[in-house]
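[1] After the sequence you'll find the predicted model.
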Amino acid sequence: MTALTLSTAGPATLRADALVVGVAKSGKGLVVAPGAEAVDAAFDGRLAAVLETLGASGAEGEAIKLPAPAGVKAPVVLAVGLGTAPEGDAEYAAEALRRAAGTASRVLHGSRKAAFALPVGSVEDAEAIAEGALLGAYAYTAYQEQSGKNAKKPLAEVALLGGKPRDKAFKAAAERAQVLAEEINRARDLINMPPNDLYPATFAATAQAVGKEHGLKVQVLDEKALAKGGYGGILGVGNGSVNPPRLVKIAYTHPDAVKTLALVGKGITYDSGGISLKPAGHNETMKCDMSGAAAVFAAVVAAARLGLAVNVTGWLALAENMPSGTATRPGDVLRMYSGKTVEVLNTDAEGRLVLADALTRASEENPDAIVDVATLTGAMILALGNRTFGVMANDDAFRTEIHEIAEEVGEASWPMPLPADLRKGMDSPTADIANMGERMGGGLVAGLFLKEFVGEGIAWAHLDIAGPAFNEGGPFGYTPKGGTGSSVRTLVKLAERTAEGDLG
């Protein structure tokens with residue numbers, strides 16, 4: 001993991017392989033952002049002009065390297081775009097700083113140390129820069145035995161200039177950024193792991209090992225315990241695979257906690273679609289269908305490492321959805337843990353089945369709120385694109401709170417409705433409910449299905465992260481190609497708000 005240090009040294013005097021500065025667009029052309037004044041002076045006040053000559057515009061995602069002038073100890077200056085410069089006394093948005101720092105870290109793969117001289121007007125700015133830099137310095141190379149030998153390694157050390165190493169608030173912000181980045185990267189590693197190595201039993205074993213390391217209580221229900229307990233949804237999905245399902249409970253408790261959060265994650269370690277087989281072109285990345293469980297797992301561990309005064313329980317509903325002679329068929333009826341019966345019309349709508357059992361089980365402990373996270377529907381990608389997750393809830397105020405938290409931490413989200421008229425489409429002539437309804441509004445139909453399994457009087461929200469969980473395009477900002485760790489920051493911030501007494 002990339003090391004993080006805070007430094008009050010001047011940007012021109014710190015020894016590093018590269019010095020990162022920010023530039024932005026303004027009505028008068030390119031401007032050098034605060035924090036880089038000494039570097040601009042070393043360029044005789046012409047840094048912006050030199051960069052403009054090289055085609056710089058200050059746009060987000062832009063990165064241009066320059067040889068450093070005399071007077072700057074780092075041999076290279078890397079200018080990264082911050083977008084439009086704020087007007088008046090306004091400060092740069094935290095997400096702009098986060099993305100710029102992430103871009104810089106990606107560009108500086110192969111470097112030992114980089115000094116970041118981006119605008120630090122507050123502790124929050126410093127934390128955003130640290131987060132972005134650490135998240136951008138990520139690479140998944142575990143399986144590159146030969147091709148990775150000559151690959152550049154991630155940036156080894158981030159020196160954050162403007163951060164005060166002896167100031168308690170800055171130190172706490174740096175520590176939080178380090179924990180958050182490490183846990184997001186843990187989620188990314190799990191999402192990127194090939195499904196022949198990450199299946200329900202190995203995911204559960206990982207949860208047990210990490211739980212032991214951080215003092216968490218972990219309980220694993222194997223296929224025998226699931227059958228004895230009547231978890232028909234999880235078993236119904238996992239029946240077709242030689243790798244049997246698991247339900248993992250991972251709990252963090254704090255002696256001063258007065259509220260409890262339950263987080264439920266969809267953990268389909270590989271989704272072939274089952275008997276309703278996915279066509280070619282739609283199954284190559286389905287190792288990522290456990291991204292919700294990875295996010296929940298990482299969030300619980302982060303809450304523990306940060307010592308938050310809130311109880312957080314994670315439920316990882318783990319199964320592999322495969323076709324075989326023992327697989328659930330379209331037309332089969334499953335008896336769920338809640339006692340409800342579900343007619344399975346499409347075995348590729350499996351995530352809602354495992355989540356339903358986990359939601360019912362989580363509700364039995366009567367938490368103050370439940371949030372489930374899942375790569376649940378392609379319909380949500382059609383509605384919101386690849387970078388935004390949908391938020392549904394049984395309480396409008398709770399939905400708004402989740403949306404606002406996500407926006408605050410830099411995770412794009414959008415509140416979605418649960419129209420009551422769509423419920424009728426799931427009526428079944430055979431069972432209590434079907435696992436499919438109207439095709440139009442499919443993401444909302446899935447949310448309505450899940451709502452049926454949430455305990456009475458418990459605030460619940462559903463995050464459909466199907467779009468942003470796995471980046472099939474090129475990397476951008478602090479977001480890598482592959483698993484992203486989407487929603488971890490939102491869940492951790494929700495836990496922090498709850499610990500502070502702000503939930504509800």
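    That came through fine. Model, not experiment: these values are computed from the prediction. Numbers count the residues shown, from 1 in each chain.
[2] Kindly provide the distance from residue 272 to residue 278.
    Computed as CB to CB, to the nearest Å, the residue 272 to residue 278 distance reads 6 Å. (Glycine included, C-beta is placed from N, CA and C.)
[3] which sections of the stretch 1-150 of the chain are below the confidence cut-off?
    Along the stretch 1-150 of the chain, the model assigns pLDDT under 70 to residues 148.
[4] Tell me the residues that contact both of residue 272 and residue 278, please.
    Common contacts of residue 272 and residue 278 (CB atoms under 8 Å, 6 or more residues apart in numbering): residue 286.
[5] Please say which of these two ends up with more neighbours.
    Using other CB atoms under 10 Å as the criterion, residue 272 and residue 278 rank with residue 272 on top: 25 against 15.
[6] check contacts around that one.
    Counted by CB under 8 Å, 6+ apart, residue 272 has contacts 278, 283, 286, 321-323.
[7] Closest one of these to residue 108?
    residue 286 (32.8 Å; CB to CB).
[8] ok, the closest one - how many residues close by?
    19.
[9] correct me, but it touches residue 271?
    Yes. Using CB atoms under 8 Å, residue 286 is in contact with residue 271, at 4.3 Å.
[10] Now the common contact residues for the two.
    By CB under 8 Å, 6+ apart, the residues touching both residue 286 and residue 271 are residue 278.
[11] returning to what we had before: just put the contacts of residue 272 in a markdown table and tack on pLDDT.
    Converted to a markdown table, those look like this (pLDDT from 0 to 100):
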| residue | pLDDT |
| --- | --- |
| 278 | 95 |
| 283 | 90 |
| 286 | 97 |
| 321 | 98 |
| 322 | 98 |
| 323 | 97 |
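[12] okay if I get the residues you listed as a markdown table plus secondary structure?
    Listed next are these as a markdown table, based on DSSP: H, G, I helix; E, B strand; the rest coil:
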| residue | secondary structure |
| --- | --- |
| 278 | coil |
| 283 | coil |
| 286 | helix |
| 321 | strand |
| 322 | coil |
| 323 | coil |
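[13] between the residues you listed, which is closest to residue 345?
    For the contacts of residue 272, the nearest to residue 345 is residue 321 (15.0 Å; CB to CB).
[14] Identify the residues contacting the closest one.
    Residue 321 neighbours (CB under 8 Å, 6+ apart): 237-238, 240-241, 268, 270-274, 289, 347-348, 350.
[15] For it, give the beta-bridge partners.
    Beta-bridge partners recorded for residue 321 (DSSP bridges): residue 271.
[16] does the closest residue in space to residue 17 that isn't next to it in sequence sit in a helix, a strand or a coil?
    Counting by CB to CB, 6 or more residues apart in numbering, residue 17 lies nearest to residue 111, which is 4.2 Å off, once chain neighbours are set aside. State at residue 111, reduced to three classes by three-state DSSP: coil.
[17] From residue 372, how far off is residue 111?
    Counting by CB to CB, the gap from residue 111 to residue 372 is 40 Å.
[18] same question, residue 16
    43 Å.
[19] Settle it for me: which of those two has more neighbours?
    Counted by other CB under 10 Å, residue 16 and residue 372 do not tie: residue 372 has more neighbours, with 31 against 25.
[20] pretty sure the more buried one contacts residue 462?
    Yes. Using CB under 8 Å, residue 372 is in contact with residue 462, at 5.2 Å.
[21] hey, what's in contact with both of those two?
    With CB under 8 Å, 6+ apart, residue 372 and residue 462 have common neighbours residue 450.
[22] show me what contacts the residue nearest to residue 17?
    Contacts for residue 111 (CB under 8 Å, 6+ apart) come out as 17-18, 155-156.
[23] what's the most distant pair in those?
    The widest separation within those (CB to CB) is 11.9 Å, between 18 and 156.
[24] which stretches of the protein form helices?
    Ranges of helices in the chain, per DSSP state H, are 37-42, 47-53, 94-107, 123-136, 168-192, 200-213, 223-229, 232-238, 291-306, 351-363, 378-384, 396-409, 442-451, 488-499.
[25] Format these as CSV; extra columns: distance to residue 331 and mean neighbour count.
    Shown next, in CSV, are the helices of the chain (distance: least, CB to CB, whole Å; neighbours: other CB atoms under 10 Å):
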stretch, distance to residue 331, mean neighbour count
helix 37-42, 68, 18
helix 47-53, 64, 18
helix 94-107, 47, 26
helix 123-136, 45, 27
helix 168-192, 32, 21
helix 200-213, 25, 19
helix 223-229, 22, 15
helix 232-238, 12, 29
helix 291-306, 27, 29
helix 351-363, 14, 27
helix 378-384, 23, 18
helix 396-409, 35, 18
helix 442-451, 18, 23
helix 488-499, 37, 25
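[26] now those in JSON lines, with distance to residue 479?
    Output for the helices of the chain, formatted as JSON lines (distance: least, CB to CB, whole Å):
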{"stretch": "helix 37-42", "distance to residue 479": "27"}
{"stretch": "helix 47-53", "distance to residue 479": "25"}
{"stretch": "helix 94-107", "distance to residue 479": "7"}
{"stretch": "helix 123-136", "distance to residue 479": "8"}
{"stretch": "helix 168-192", "distance to residue 479": "10"}
{"stretch": "helix 200-213", "distance to residue 479": "23"}
{"stretch": "helix 223-229", "distance to residue 479": "35"}
{"stretch": "helix 232-238", "distance to residue 479": "30"}
{"stretch": "helix 291-306", "distance to residue 479": "13"}
{"stretch": "helix 351-363", "distance to residue 479": "23"}
{"stretch": "helix 378-384", "distance to residue 479": "16"}
{"stretch": "helix 396-409", "distance to residue 479": "14"}
{"stretch": "helix 442-451", "distance to residue 479": "22"}
{"stretch": "helix 488-499", "distance to residue 479": "12"}
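[27] Surely residue 241 touches residue 318?
    No. Between residue 241 and residue 318 there is no contact under CB under 8 Å: 10.9 Å.
[28] The two - which one has more neighbours?
    Taking other CB under 10 Å, residue 241 and residue 318 do not tie; residue 318 has more neighbours (32 against 22).
[29] I figured the more buried one hits residue 249, correct?
    No. Counting by CB under 8 Å, residue 318 stays clear of residue 249, with 11.6 Å between them.
[30] got the buried residues for stretch 11-20?
    Within stretch 11-20, the residues scored as buried using 16 or more other CB atoms under 10 Å are 11-12, 14, 16-20.
[31] quick one: terminal-to-terminal distance for it?
    9 Å (CA to CA, to the nearest Å).
[32] Endpoints of stretch 32-39, how far apart?
    End-to-end span of stretch 32-39 (CA to CA): 10 Å.
[33] who touches it?
    10-12, 19, 21-24, 40, 47-48, 72, 77, 82, 85, 92, 117-121, 161-162.
[34] And the residues you listed, which of them are buried?
    11-12, 19, 21-24, 40, 47-48, 72, 77, 82, 85, 92, 117-120, 161-162.
[35] So for stretch 152-170, mean pLDDT?
    Averaged over stretch 152-170, pLDDT sits at 94.
[36] Now do it: distance to the chain's middle.
    22 Å (CA atoms, centre = their mean, to the nearest Å).
[37] CA-only coordinates of that stretch, as CSV, when you get a sec.
    Only the C-alpha atoms of stretch 152-170 are listed here, as CSV (Å, rounded to 0.1, in the frame of the first residue of the first chain):
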residue,chain,number,x,y,z
LYS,A,152,5.6,-0.1,-13.4
LYS,A,153,4.6,-0.4,-9.7
PRO,A,154,2.1,2.1,-8.1
LEU,A,155,3.5,5.2,-6.6
ALA,A,156,5.2,4.2,-3.4
GLU,A,157,4.8,7.4,-1.2
VAL,A,158,2.6,10.5,-1.2
ALA,A,159,3.9,13.6,0.5
LEU,A,160,1.0,15.9,1.1
LEU,A,161,2.2,19.5,1.3
GLY,A,162,0.1,21.9,3.4
GLY,A,163,-0.8,19.1,5.8
LYS,A,164,0.3,19.8,9.3
PRO,A,165,1.9,16.6,10.8
ARG,A,166,1.5,17.7,14.4
ASP,A,167,-2.0,19.0,14.1
LYS,A,168,-4.6,16.5,15.5
ALA,A,169,-7.2,17.2,12.9
PHE,A,170,-4.8,16.8,10.0
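[38] Fine by me, we can end here.
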